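# can you look at this prediction? I've put the sequence above it.
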Amino acid sequence: MKDDRGGQILLALLALSIVLVPILNSLPPDSALYLPTYTVTLIGKYLTLALLAVAVDLVWGYLGILTLGHGAFFALGGYAMGMYLMRQIGDRGVYGNPELPDFMVFLNWQELPWFWQGFDQFWFAAIMVMLAPGVLAFVFGALAFRSRVSGVYLSIITQALTFALMLAFYRNEMGFGGNNGLTDFKDLLGFSLQSDSTRIGLFIASALALAFAYLLCRYLMQSRLGRVCVAVRDAESRARFMGYRVENVKLWIFTISAMIAGVAGALYVPQVGIINPNEFSPLNSIEVVVWVAVGGRATLYGAVVGALVINYAKSYFTAELPDIWLFALGGLFVLVTLLLPRGITGLLRPKEAV
Amino acid sequence: MTVRTFGALCLLSLLLLLAPLRAMAASEEEVYSQAAELLMSRGFDEKGQAIQLLAENDHPQTPQILTLLMDSRLYYNKDDDRLYQIDDYDRGKPAISIASGDQIVIEKKRDFKKITLNNQLRSQVRQIQAELGLKAADLSRRLAAVRAMLGSMDSETLSLMRKAYAEEQSAAVRDVMQIAIAIGELPGADEARARDAIDTLAGSLEPDARNALSQYAAATDSKSLKSAAEKALADIEQRASFYGGIETLYFGLSLGSVLVLAGIGLAITFGVMGVINMAHGELIMLGAYTTYVIQQLMPNHIGISIIVAIPCAFLVSALVGIAIERGVIRFLYGRPLETLLATFGISLVLQQAVRTIFSPLNRSVETPEWMSGLIEINPVLSLTTSRLYIIVFCLMVFFALLLVLKRTSLGLQVRAVSQNRAMARAMGVRSEWVDALTFGLGSGVAGVAGVALSQLTNVGPNLGQSYIIDSFMVVVFGGVGNLWGTLVAGLSLGVANKVLEPWAGAVLAKILVLVFIILFIQKRPRGLFPQRGRAAEG
Amino acid sequence: MSLQSTMAEVLDRDHVFSFMAPQSAANLNVEKNVLLYLEGISVSFDGFKAINDLNLYINDGELRCIIGPNGAGKTTMMDIITGKTRPDSGAAWFGQTINLLDMDEPAIAQAGIGRKFQKPTVFEYLTVFENLELAMAGDRAVLRILGARISGEQRDRLDEVIDLIGLKELPQMRAGSLSHGQKQWLEIGMLLMQQPRLLLVDEPVAGMTHQEMDRTAELLTSLAGKHSVVVVEHDMDFVRSLAGKDRTVTVLHQGSVLAEGRMEQVQNNRKVVEVYLGE
Amino acid sequence: MLEIQGLNQYYGQSHTLWDVELSVPAGECTVLMGRNGVGKTTLLQCIMGHHSVKSGSVQFKGEDLLKKSVEQRPRVGIGYVPQGRQIFPLLTVEENLQIGLPVLPRGKRRIPDFIFDLFPVLAEMMKRRGGDLSGGQQQQLAIGRALVVDPQLLILDEPTEGIQPNVVQEIGDIIRRLNREMDLTVLLVEQKLPFARKVGDRFCILDRGRAVAKGAMAELDDQLVKEYLTV
Amino acid sequence: ADTIKVGVLHSLSGTMAISETTLKDTMLMLIDEQNKKGGLLGKQLEAVVVDPASNWPLFAEKARELIEKDKVSAVFGCWTSVSRKSVLPVFEELNSILFYPVQYEGEESSKNVFYTGAAPNQQAIPAVDYLKEELGVERWVLAGTDYVYPRTTNKILEAYLKSMGVAEEDIMINYTPFGHSDWQSIVSDIKKFGAEGKKTAVVSTINGDANVPFYKELGAQGVTADDIPVVAFSVGEEELAGIDTAPLVGHLAAWNYFMSVDSEQNDEFIESWHEFIKNEERVTNDPMEAHYIGFNMWVEAVKKAGTTDPTAVQDALIGVAVPNLTGGYATMMPNHHIAKPVLIGEIQDDGQFAVVSSTPGTVVGDAWSDYLEGSKDIVSDWRAPLSCGNYNVKTGKCSGQNF
Ligand SMILES: Nc1ncnc2c1ncn2[C@@H]1O[C@H](COP(=O)(O)OP(=O)(O)OP(=O)(O)O)[C@@H](O)[C@H]1O
Ligand SMILES: Nc1ncnc2c1ncn2[C@@H]1O[C@H](COP(=O)(O)OP(=O)(O)OP(=O)(O)O)[C@@H](O)[C@H]1O
Ligand SMILES: [Mg+2]
Ligand SMILES: [Mg+2]
């Protein structure tokens, strides 16, 4: 932690925002420092995306697994949370069915499918938020890493995974609301999602989750395990000959990363108010990788910076340059790659001799 | 002459059918003016009467008028209430009077109004056209006429058909006539003749024959005949399902060749050079847009525009590819993952660029005459011409590329550069030139794929996005760096998809194929045709 | 099967998922004083027989030199012992109890076989120190490496090895920046840290000066006894100084043993001279 | 033939070569010696253009080599056998050899037969992937590959590494022969004294990035060896 | 503020840009014209355009931005159902107004949303009636993209067809993924289904980009409109502009507006559209008309209320009637849907539709379908005293309201 300036700054900023944001938000609206709830939610959303980026950086930056399917874990976490929120609606849905979410009533479902059971309990949903992505990552990873699928082959099957899930979730028969996904959430743990205090609460939760995940990943990567990861990244077979079970190392890190992504998804959904299969889209996952690269790979805080910068740029450009913002964003990607080979945070770090 | 007699008979039958509606026989002029008036009225019923009038009276201009109607080239002038033929509806273009053949110039577009048809009228016209075609000496038209009548056999047509059969000389036509007669006879036939008819029908794959049989099987009281009909049906079913299998295979291959075309450029830029080229889809898109532009430039030569578009699309995409390579990628060699980032950015820029230049709307690319239509193998199996061309085209592109990479020193040099850039340069390989050329080649091929895709799907800014994932999938599934792998992977994924589709549905089939890829990679972690040897295993 | 036993089985993390089980299951047994058996090993690549009915026995504590022409199959043999290449036929045992052919690379490494590659391979992004740290003997289970700390004893050992391989001034240097010879040394150092029972050393002195060679020879001889060492090398001076008067030298040729015996015998073997040594 | 003057090179911040002076007279075999890590390979790589140099000049046949791009250097007549072989692992032996052909004038683009005379192994393994060869076979391939471009100056970085003794001898003979008969100038990096003595006409010793001694091979006495070549 | 701000929330990039960009331009044109007429309440109108980039969460974010940050008085936007669902809570929370211009599956009525596109009863049912009565269709292929709109429409149609005595085996239902591009097998199946002796038609709820390859495949396999007509609910002039229509002549579409409709308002509208977009080739389509109607309704309502205050405007909107482009009047109903004529058109080779049938008067949009089990008993009426979007007449309960 000592030699991690970027991380220190990041944590300090997060702590500061946790304290300041509620204060600024409670100022009178005409005050110069007033922070509208809209902005709070927006930053909260960015933070969850940053969390996802950290998860990706963990496996890509340190373990060399270029995952093009991490959006799948994010979305699964999001769906788990979405299902809980749907169940919370209860009989306040448009058809007033106390048991079934609206889309089920509307597609003539008679009873709640088995996989929706239990989601009326927050603790259950909270477990599923980590368990569902975790189990998927574990099974997928166990298969892939044991067969020594690596490099682009691994990247492409992660992409196939998220693509397949996307198609599956688009199907109405799956029971996840098809294309319309899950929306119209009302409250979380009894707090109305529309109230400012809930929004602030979600923001704080996101900031805390990010700080915690950062510390966790930092701890992992500072340990000898972290060095094994780097070793695996650079010379996988050599690590094997030294007695390291490369597949287990990969599997654990991959699973942890998937769970972090799941948490990110779960925090994302109540803040944006919708989860739909589009979150599984392979292009979304590729974008996350791009955030990490823009921020600076294998630093963790770089991932956060990348996610924040790009997403802010997106929000800004889509409002200010709606017709040509893709030029700006695309150009930004190209320029960062060419001019800042170590990402934005590379500017801050001393050049290490390679 | 038998043909003539047959034609006359058919016409006669037609006239008999139309008898109740028949207008007063009148002079040609009278018929024409009456018909023209009806045609110019607003209602479709009136237009229908006009068409019938023309057909019944066998007016010499009937075929011409019907053709013009079908092609939407028949207009009327609001001022002089006369019919005109207009090939190019624009100011200053000629309009030819139907009645007199005089030519005038369109001064105001609004003066002329097109005579439109609806579906019923169109079937009516087509029917008449077909039946007029019975007179034709042309064998294929006669054949088509008989087949058109298969679905509507009744006692009258049956007797006509019998007579015609006796006089018909062509074996092919006689075969179909036999079936027609069997269809007509079956419902009321006695036991022996019914059996004959069933036998005849059992040998045919015509859907109408099958319908006749199944109706008969449902209606007949005789157990033995019923079972004979059912057996015949089962027999037909079996053969039909065999051809169905072939059809599925063909669909699979044609889907596969689309995948191969989309992926093959990537097999070079990504597979051989190692650039994770996210802009590949947009290079395909550029090829498709080039096709569109070429068609805009030569609107009167759609047929050859496609041929012209191939080299043009190659050039456009290749040049853009080279620009990308020289401008961005060359700074990134040795950092393959960063090529992903930069090319992702480039793909966004290219998308937005076409959106700005061509608007976000889809563009319409026409299918040339020679590429449309069907090749009918038998009544249940016909192959679409355009797809056939695409399969052939795909193979041509593939082998051309193979030749370039295997037979020229370029192929060797690219591989050397991608394996050890520094050493290749130390051996005198001009790596910059090789990179640019190879990237250009891969991009150019992507452009060529765009020409093919423009025939099948949207030409719009999102075209590339919808193929990029499939392309990567195909290249990786086949084994990175192996051109043959790309071919086999594309074709087999296509076939797998089409085999699964009938029983799983389109959505599930796609999911299953993806799951299959995931599982397959577990078995063969380096694709279908892996790079082998010490070096590859690392 | 009772519920209880099922539960017990499920809860026993060694057996639920095979990959969670600790690997070096069987214990090393060298009762017969033979550490490594290779019997009737053959392997071919695309029809080319790289190893052809090879028989080789390494005693416990022995230092064995293996020489042979380029392409004789020496490296391939090591590949087979370390699990990189599967032989087409034959048996490979480590001690009396451990069947190497059933195990994968990490399991073999954990059973006590360490290897230095012909082409030096180190973790280029890690520092010299970290390379050695990772090689250090110890539990390789994921959770253990997560919690692993360097004890005082281990640190002493690390310092000792760094000193020994002459990289004392560069412990924080990225391994990727080392020169060829330095990488060779680093790899030897990693091997030392690993403290395997059997060391397979493929051309350790390539790219070293004569004096360094001598030092290496010294180092390897000192290891013999506690460890078994198999050295492949083309430098005859080096082999001679290793083999001394009474150690066995094996000559491989076209995938099988051409000659075996003391250095003198081998050196004077006509065939060996013909295919390998030269006049 | 090759004149190096005042060459300074840096890896990032670290100064690796210090004012190196080296001249390789035409038709002779110069041996570059020194301990591990003193910068021998680095010097050769500077000659081949793999690293940019901070200052100094490299002249080849009177021309400034530093102005030429990397891929032009084989064209002016430099063959390079790098340390670690750098074979193209997925190309066949034949393809590895063919890589240099386009450097030659049209009509002469054939792999010369004498290469197979020198290294019969290569002829045997024509269709095998370079990466599959054994270490020694790869080394032979690397030398053969460098000879394909018909060089006037052959630069070899520890060419005997990993090669069986009789072939080492042969390589020594070959270098001599190429040097004597075909008038090929050779710049050789070699650690093994006997070999160096056998093939070299002149020597140059590097120590920590500096050229510290040079002269005719006969002048290489124990004193120098002790000072610069032992640890 | 001396301008009245109007939000335009249409995707200008991503997959939906293809359809939505035109609507953005339409809005700009309408606002422009209104300003030329002197604005509204003595103020000029100002369009605030944002790009939600076909990304559904971004829709919600942008909606919030428009309402909270830019303080727009009303928003015109969305195309897909999911984008509407995504922004709906935002509009309800902040009590603003959204005009939604696209045909959709119904089953919704929000206090804050005004649906100017067609509900299923304003499109699908009349189209089926036409096929059955005029073309004598007996067998039906219901082909759609696998998402809510086609599912619902097909469910409604299936129930409707069965109620008219169509047998189970005469209905074939087929779903495909979004952006499906290889239609060979499906078209071949349709061909086989249609070759069994009865007149067959395809009712297509295929969405977006998938249409072009679908129609191209129909053309390639020689399925002509007189064999098997296809009636589509999502294919309009704009989509046709991207297809070579020659092989498609005679296939059908059901809409509430066609560019080819002969009326004075339409001519005027087309003219000003061409002038605004500076391209004579550009077509107009049904969702554009919906925005035209919606915008004029909003203007009327604001005038009527004398303020842009959302609550007042919401109340004022109900009952407002403005001319549509087909020569009649569109009225905002208490259920926030509008009354529209239903037109059936046949594709012509110039990419236009020839109207072959139209309902005698207008049809009132039905928020809750009468053919679906769950929604039969639900009605929507936003007038006092009911003021409820989904009132169950059986239980007498008003559920699912967010305000
Ligand atoms: N994967 C492979 N595919 C094809 N041939 C191979 C493969 N691996 C090894 N060979 C061949 O097997 C033979 C033995 O190779 P090996 O590397 O074991 O030789 P070696 O004895 O170590 O030689 P050296 O002393 O030169 O290192 C060589 O001829 C080599 O070309
Ligand atoms: N890429 C690099 N970055 C930083 N330092 C480097 C790099 N490559 C080499 N060095 C350092 O430069 C010095 C000279 O290296 P070089 O490879 O030239 O040595 P050498 O004389 O060829 O040694 P050897 O005999 O071991 O091959 C070494 O100390 C090495 O650590
Ligand atoms: Mg070897
Ligand atoms: Mg060196």
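Good, I have the coordinates. Note that the coordinates shown come from a computational prediction; the quantities given were computed from them, not determined experimentally. Numbers count the residues shown, from 1 in each chain, chains lettered A, B, ... in the order given. Ligands and ions are numbered 1, 2, ... in the order given.

# need the residue closest to the centroid of chain A.
A:L52 (2.8 Å; Cα atoms, centre = their mean).

# next structured bit after the helix or strand encompassing it?
Using DSSP states H and E, A:L52 sits in helix A:37-57. The element immediately downstream of helix A:37-57 (helix or strand, assigned by DSSP H and E) is helix A:70-89.

# burial measure for residue 144, as a count.
Chain wasn't specified; assuming chain A. Look at A:A144: counted by other Cβ atoms under 10 Å in any protein chain shown, it has 25 neighbours. Any C-beta I mention is one placed from the backbone N, CA and C, and that applies to glycine too.

# if you could check chain E rather than the one you did, that'd help
For E:G144, using other Cβ under 10 Å, the count is 23.

# please name the nearest non-neighbouring residue to it.
E:P150 (2.7 Å; Cβ to Cβ, 6 or more residues apart in numbering or on different chains).

# then that neighbour would be within a helix, right?
Yes - secondary structure assignment places E:P150 in a helix (DSSP: H, G, I helix; E, B strand; the rest coil).

# any idea how far it is from D:G107?
69 Å (Cβ to Cβ, to the nearest Å).

# can you give me the helices for chain E?
E:17-36, E:56-64, E:81-94, E:124-135, E:148-163, E:184-194, E:211-220, E:237-240, E:264-277, E:286-305, E:310-317 (DSSP state H).

# actually, the stretch 201-350 of chain B.
B:207-219, B:223-266, B:280-297, B:302-327, B:336-358 (DSSP state H, counting those that start in this stretch).

# the longest one and chain A in contact?
The one in question is helix B:223-266. No - contact of helix B:223-266 with chain A (Cβ under 8 Å from any Cβ of the partner chain) is absent, the minimum separation being 11.4 Å.

# ok and that helix relative to helix B:280-297, angle-wise?
Following axes from the mean of the first three to the mean of the last three Cα atoms, to 10 degrees, one obtains 100 degrees for the angle between helix B:223-266 and helix B:280-297.

# in stretch B:97-113, what counts as buried?
By 16 or more other Cβ atoms under 10 Å in any protein chain shown, the buried positions in stretch B:97-113 come out as B:98, B:106, B:112.

# how many other residues sit next to the closest residue to ligand 4 within the stretch 301-450 of chain B?
Residue nearest to ligand 4 within the stretch 301-450 of chain B (Cβ to the ion): B:A422, separated by 14.8 Å. Using other Cβ under 10 Å, B:A422 has 17 other residues around it.

# surely it meets D:G49?
No - judged on Cβ atoms under 8 Å, B:A422 makes no contact with D:G49 at a distance of 9.4 Å.

# so what sits against both of the two?
D:V70 (Cβ atoms under 8 Å, 6 or more residues apart in numbering or on different chains).

# possible to save the helices of the stretch 201-350 of chain B as a markdown table with mean neighbour count and mean pLDDT?
What follows is the helices of the stretch 201-350 of chain B, written out as a markdown table (neighbours: other Cβ atoms under 10 Å in any protein chain shown; pLDDT from 0 to 100):
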| stretch | mean neighbour count | mean pLDDT |
| --- | --- | --- |
| helix B:207-219 | 20 | 81 |
| helix B:223-266 | 20 | 89 |
| helix B:280-297 | 26 | 94 |
| helix B:302-327 | 20 | 93 |
| helix B:336-358 | 22 | 88 |
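
# looking at the ones you listed, which is nearest to ligand 1?
Smallest distance to ligand 1 across these (Cβ to the nearest ligand atom): 24.5 Å, for helix B:336-358.

# on that earlier part again, residues contacting the residue of the stretch 301-450 of chain B closest to ligand 4?
Going by Cβ under 8 Å, 6+ apart, B:A422 touches D:50, D:70, D:86.

# B:L383 versus the first one, what's the distance?
Spatial separation of D:H50 from B:L383 under the definition Cβ to Cβ is 57 Å.

# tally up the residues packed near the nearest residue to E:E108 once chain neighbours are set aside, please.
Distances taken as Cβ to Cβ, 6+ apart place E:A367 nearest to E:E108, at 6.5 Å, with adjacent residues excluded. Neighbour count for E:A367, taken as other Cβ under 10 Å: 23.

# could you measure from E:A367 over to E:H274?
35 Å.

# residue of chain D with the smallest distance to chain E?
Using Cβ to the nearest Cβ, the closest approach of chain D to chain E is made by D:L90 at 34.8 Å.

# isn't that residue up against D:R129?
Yes - at 5.9 Å, D:L90 and D:R129 qualify as touching, with contact defined as Cβ under 8 Å.

# isn't B:T385 up against B:I375?
Yes - B:T385 lies in contact with B:I375 (Cβ under 8 Å); the separation is 6.0 Å.

# quick one: which of the two has more around it?
For B:T385 versus B:I375, neighbours defined as other Cβ under 10 Å are more numerous around B:T385 (16 against 11).

# enumerate every residue touching the more buried one.
B:370-375, E:220.

# any chance of JSON lines for those residues, columns secondary structure and distance to C:R240?
Listed next are the contacts of B:T385 as JSON lines, based on DSSP: H, G, I helix; E, B strand; the rest coil; distance: Cβ to Cβ, whole Å:
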{"residue": "B:W370", "secondary structure": "helix", "distance to C:R240": "81"}
{"residue": "B:M371", "secondary structure": "helix", "distance to C:R240": "78"}
{"residue": "B:S372", "secondary structure": "coil", "distance to C:R240": "83"}
{"residue": "B:G373", "secondary structure": "coil", "distance to C:R240": "83"}
{"residue": "B:L374", "secondary structure": "strand", "distance to C:R240": "83"}
{"residue": "B:I375", "secondary structure": "strand", "distance to C:R240": "79"}
{"residue": "E:A220", "secondary structure": "helix", "distance to C:R240": "80"}
